[in-house]
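1. Using only what follows, build the 3D model:
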Amino acid sequence: MKTTSILTLLIALATQVSFAQKRTPIIKANATQVSIRDDKTLIKNAWHIVPEEKLDVYVTSGKKVTFYTDIDSISFKIDPKVGKYDFIILLNGKDTARTQIKYQESRLGQLKKAAKYNNTDNRFIPKFTYQSKEDANLQRVRKDLKLDSIAGTGNELSQIFNLMHWVHNLIRHDGSSNNPTLKNAIDLVKICKAENRGVNCRMLATILNECYLAMGIASRYVTCMPKETKFDDCHVINMVYSKDLNKWIWMDPTFDAYVMDDKGNLLGIQEVRERLIKGLPLVLNADANWNRTNLQTKEEYLEKYMAKNLYRLQSQQVSEYNTETSANGKKITYIELLPLDGIEQEPQLKETTNGKTGITFINYKTNNPNLFWTKP
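-> Next comes the predicted model:
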């Protein structure tokens, strides 16, 4: 009996010691606002303490994270192999808020793993085409929107920039807005003026795309997507072909943004992606902004936001007026360029018909960037 009692006592003590070692750290707070230092970046009042939440998770790709309450703080050196760090914030000495710092590889880190394409992928995709500026609808876009006056009489590049600046300044970006029924430049501009509303990045790129086509400048809008196939945020910009430069260049009407190398050379989407992966210098125009209010930085816009969204790229095969306005029996073809480590490589060709709109969507996939970036 004595031996058993001693053994039981030892087990109990070992359990208590183990529990103590795994005890969740606690910091105190009297105010609900918390500031966070993520590596060298300090974000004031970045976190709101909500004891009612079952678990509040802060996601980071940093190496060290510190939470600062009004009276206390806690720091963690982040080990990707550990992944998660739990602690409790005790609010006003009574309410506990379970909190977790969770490591997630940076979007730039994900993009760097997506560098490989297959330049020999010869699976069929249809050729990209561009509607002629002589098309009656595009002539109407040019006349109704007074594009000759807006583009100006300067060289090709000045016209490309003038048109992007005009779209950016004319219509505000509203990422949560519903798309209008008629999705062409004339009707989109008209409804935004009539309802004093904005549109999302896709509609802004649609307007700019038709303006370029109307002026005889080859252009496509490109849906820039993250690695995951289900997502709630992506971005749409324009790839515009400059005959003077003999290359595609990046134009983003949402942020009035374009990108250069350290020598001032304008870059295209493919070049920006490659330079992000290789860590080569990139320069964002100094006046890039959101809705004429928030200036953008290279770090936020390129290294975080677009690094996330340059994983997969999709473009319409036929660049023309009124591409995505619904019409029964209409067919729209999209081509997606994805890296070799993309999640869904198959099917290479998929065709679906929307029962409500009657539109048939035809989607091709390719791993060959040469086919996607072919010159017009």
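
2. mind listing the helices for the stretch 1-150 of the chain?
-> 2-21, 107-112, 136-144, 147-151 (DSSP state H, counting those that start in this stretch).

3. What residue, apart from its backbone neighbours, is nearest Asp144 spatially?
-> If the residues on either side of it in the chain are set aside, Asp144 comes closest to Ile186, at 5.5 Å by CB to CB, 6 or more residues apart in numbering. Every residue, glycine included, has its C-beta placed from N, CA and C.

4. Low-confidence ranges, the protein, go.
-> Counting by pLDDT under 70, the chain contains low-confidence ranges at 1-22.

5. Could you chop it up by domain?
-> 24-104, 110-372 (automatic domain parsing).

6. Please identify the most buried of the ones you listed.
-> domain 110-372 (a mean of 17; mean count of other CB atoms under 10 Å).

7. Measure how far that domain is from the centre of its chain, please.
-> Centroid separation for domain 110-372 versus its chain: 12 Å, with CA atoms, centre = their mean, to the nearest Å.

8. Endpoint to endpoint, that domain covers what distance?
-> This stretch, domain 110-372, spans 21 Å end to end (CA to CA, to the nearest Å).

9. next one: stretch 37-55
-> Stretch 37-55 end-to-end distance (CA to CA) = 20 Å.

10. How far off centre is it?
-> 23 Å.

11. Contacts made by that stretch with the rest, please.
-> Contact with stretch 37-55 is made by 29, 32-36, 56, 58, 60, 62-69, 89, 91, 95-100, as judged by CB atoms under 8 Å, 6 or more residues apart in numbering.

12. Do a quick rundown of the strands in the stretch 151-300 of the chain.
-> 219-225, 235-242, 247-251, 259-260, 283-284, 289-290, 294-295 (DSSP state E, counting those that start in this stretch).

13. May I have the strands that pair with the longest one, each with its orientation?
-> Paired strands of strand 235-242, with direction, are strand 219-225 (antiparallel), strand 247-251 (antiparallel) (DSSP bridges).

14. hang on, the earlier thing: nearest to Arg142, out of the strands of the stretch 151-300 of the chain?
-> For Arg142, the closest of the strands of the stretch 151-300 of the chain is strand 219-225, at 13.9 Å, according to CB to CB.

15. Export only the CA atoms of the closest one, formatted as PDB.
-> Output of strand 219-225 as PDB, limited to C-alpha atoms (Å, rounded to 0.1, in the frame of the first residue of the first chain):
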ATOM      1  CA  SER A 219      -4.700  45.500 -74.700                       C
ATOM      2  CA  ARG A 220      -6.100  42.800 -72.400                       C
ATOM      3  CA  TYR A 221      -7.300  42.800 -68.900                       C
ATOM      4  CA  VAL A 222      -5.600  40.100 -66.700                       C
ATOM      5  CA  THR A 223      -7.100  38.500 -63.600                       C
ATOM      6  CA  CYS A 224      -4.300  38.100 -61.200                       C
ATOM      7  CA  MET A 225      -5.000  35.300 -58.700                       C
END
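
16. need the contact list for the spatially closest residue to Leu138 that is not a sequence neighbour.
-> Of all residues not flanking Leu138 in the chain, Ala214 sits nearest, at 4.3 Å (CB to CB, 6+ apart). Counting by CB under 8 Å, 6+ apart, Ala214 touches 133, 138-139, 141-142, 145, 147, 185.

17. what's the answer for Phe76, then?
-> 64-66, 85, 101.

18. Mind exporting the C-alpha coordinates of stretch 163-183 to CSV?
-> Extracted in CSV, the C-alpha atoms of stretch 163-183 (Å, rounded to 0.1, in the frame of the first residue of the first chain):
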residue,chain,number,x,y,z
LEU,A,163,-6.0,57.2,-70.7
MET,A,164,-5.1,55.3,-67.5
HIS,A,165,-4.9,58.5,-65.4
TRP,A,166,-8.3,59.5,-66.8
VAL,A,167,-10.1,56.3,-65.9
HIS,A,168,-8.5,56.3,-62.5
ASN,A,169,-9.6,59.9,-61.8
LEU,A,170,-13.0,59.6,-63.3
ILE,A,171,-14.4,56.5,-61.4
ARG,A,172,-13.6,55.5,-57.9
HIS,A,173,-12.8,52.0,-56.9
ASP,A,174,-15.3,50.1,-54.8
GLY,A,175,-14.3,46.5,-54.4
SER,A,176,-17.6,45.6,-52.6
SER,A,177,-19.9,46.9,-55.3
ASN,A,178,-22.1,44.7,-57.5
ASN,A,179,-21.2,44.7,-61.2
PRO,A,180,-23.7,46.7,-63.4
THR,A,181,-25.7,44.6,-66.0
LEU,A,182,-24.0,46.3,-69.0
LYS,A,183,-20.3,45.8,-68.8
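
19. No further queries at this time; thank you.
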